[in-house]
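Chemist: Have a look at this prediction, sequence included:
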Amino acid sequence: MHNLRIELAEFDVPRLLAHWAWCIPQHYTPLFLSLFGDWFLRDGEGQVYTFDLVAGELKKIADSEIEFTALLETEEYQREWLMSQLAVAVEQRGLRRARGQCYAFQTPPMLGGQLSPDNVVVWDLAAYQSGTSKVHQQLAGLPPGGQVEIKPK
């Protein structure tokens, strides 16, 4: 299997997870991140969840780590949860992330960006987590179709 994970040893877990304290329960234990910065976590009962940065949603994906590991061996779930096809396409374009980096959407999908290799760049993992969290917090109070204006500092 193509390496589609960012292992916890690559980053400061508490620092990155703190960006999501507003929507990820504190008692969840991180397992790893996808190459696109999505979180995979286990709760106290062993159930596995993902926090999808594109959707800004935490959702249960398996009743146990054993079930999760088995599902993750299938191409279907690699595509769905890890965006494996997009990761391969990005790497075919010559992009390679280094330690402490992830693949990031230049124009975030929640702001109309496409899930395509042309919209992906290599970015600092901590900066991407921080920025994406801020965007989701700002979008949380808007009605569907609401207008957003981004003003860089």
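Modeler: Yes, it's here.

Chemist: Just want the most central residue of this structure.
Modeler: residue 38 (1.7 Å; C-alpha atoms, centre = their mean).

Chemist: Give me the pLDDT for residue 110.
Modeler: pLDDT for residue 110: 85.

Chemist: Strands of this structure, residue ranges please.
Modeler: Counting by DSSP state E, residue ranges of the strands within the chain are 5-6, 29-34, 39-42, 48-52, 57-62, 101-105, 120-124.

Chemist: can you redo these as TSV with mean pLDDT and distance to residue 92?
Modeler: Every residue, glycine included, has its C-beta placed from N, CA and C. Compiled in TSV, the strands of the chain are given as follows (pLDDT from 0 to 100; distance: least, C-beta to C-beta, whole Å):
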stretch	mean pLDDT	distance to residue 92
strand 5-6	98	19
strand 29-34	98	18
strand 39-42	98	25
strand 48-52	98	24
strand 57-62	97	27
strand 101-105	97	13
strand 120-124	97	11
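
Chemist: Would you mind finding the most buried of the ones you listed?
Modeler: strand 101-105 (a mean of 23; mean count of other C-beta atoms under 10 Å).

Chemist: Just want the angle from it to strand 120-124.
Modeler: Put simply, strand 101-105 runs at 140 degrees to strand 120-124, going by axes from the mean of the first three to the mean of the last three C-alpha atoms, to 10 degrees.
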